[in-house]
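Engineer: Here's a sequence, model it:
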Amino acid sequence: MARRAPGIFVAMLLRFLVLMFAIVVLMKMYVGVEGPAASSPSAPETADQQVPTHRISFPSAFRVGGLALPAGEYSVRHLEEADRHLMTFTAIPDAAVYHVPCRLEMLTETARLTQQQYRLDASGQKRLAALIFEGERVRHVF
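Structural biologist: Just a heads-up that it's a prediction; the model follows:
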């Protein structure tokens with residue numbers, strides 16, 4: 001029985017690893033699995049990857065849920081995680097991400113425009129109470 005040279009073993013191992021890497025990449029593309037950043041404990045997962053994203057400008061600092069967010073432009077989207085509803089506020093351009101629980105209230109008709117609804121809390125601070133997005137039939141209440 002002839003002995004194989006160590007170079008052949010290394011070449012076969014390298015081919016195997018390249019093949020496994022290609023399979024993993026293809027599976028991620030097919031299944032829609034995101035990278036490590038999305039699997040962090042703070043990033044909610046959703047089965048529906050086609051969630052609409054809304055771009056909203058907040059002219060002044062505000063509070064939402066238990067968070068204080070600075071004024072600026074945000075990319076906002078609604079996510080469902082099991083039986084919980086979350087709104088994700090992503091600051092533009094620094095990409096800071098804030099997750100805020102919300103509940104949904106059905107509207108009697110489709111919203112004609114995007115609305116930000118505020119209230120003043122006991123300390124007089126501006127608090128985001130709800131968001132309504134143009135073209136939707138739901139009110140996101142915080």
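Engineer: low-scoring stretches of the protein, by residue?
Structural biologist: 1-6, 21-22, 24-50 (pLDDT under 70).
Engineer: mind redoing it with 90?
Structural biologist: 1-52, 66, 80-83, 93-95, 121-125 (pLDDT under 90).
Engineer: Domains in it, by residue range?
Structural biologist: 6-33, 45-141 (automatic domain parsing).
Engineer: Pro85: what's it in contact with?
Structural biologist: Quick fix: residue 85 reads His, not Pro. Counting by C-beta atoms under 8 Å, 6 or more residues apart in numbering, His85 makes contact with His78, Leu79, Pro101, Cys102, Arg103, Leu104, His140. C-beta: built from backbone N, CA, C; applies to glycine.
Engineer: re earlier: which of the domains of the chain sits most buried?
Structural biologist: Between the domains of the chain, domain 45-141 has the highest mean count of neighbours, a mean of 14, where neighbours are mean count of other C-beta atoms under 10 Å.
Engineer: how far out from the middle of the chain is that domain?
Structural biologist: A distance of 12 Å separates the C-alpha centroid of domain 45-141 from that of its chain, computed with C-alpha atoms, centre = their mean, to the nearest Å.
Engineer: Now the closest residue to Leu131 other than its chain neighbours: which helix or strand?
Structural biologist: Nearest non-adjacent residue to Leu131, counting by C-beta to C-beta, 6 or more residues apart in numbering: His140, 4.6 Å away. Using DSSP states H and E, His140 sits in strand 138-141.
Engineer: What is that strand packed up against?
Structural biologist: strand 97-106, strand 126-132 (3 or more C-beta pairs under 8 Å, 6 or more residues apart in numbering; DSSP states H and E).
Engineer: Let me have those strands in CSV, adding distance to Gln115 as columns.
Structural biologist: Output for those, formatted as CSV (distance: least, C-beta to C-beta, whole Å):
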stretch, distance to Gln115
strand 97-106, 13
strand 126-132, 4
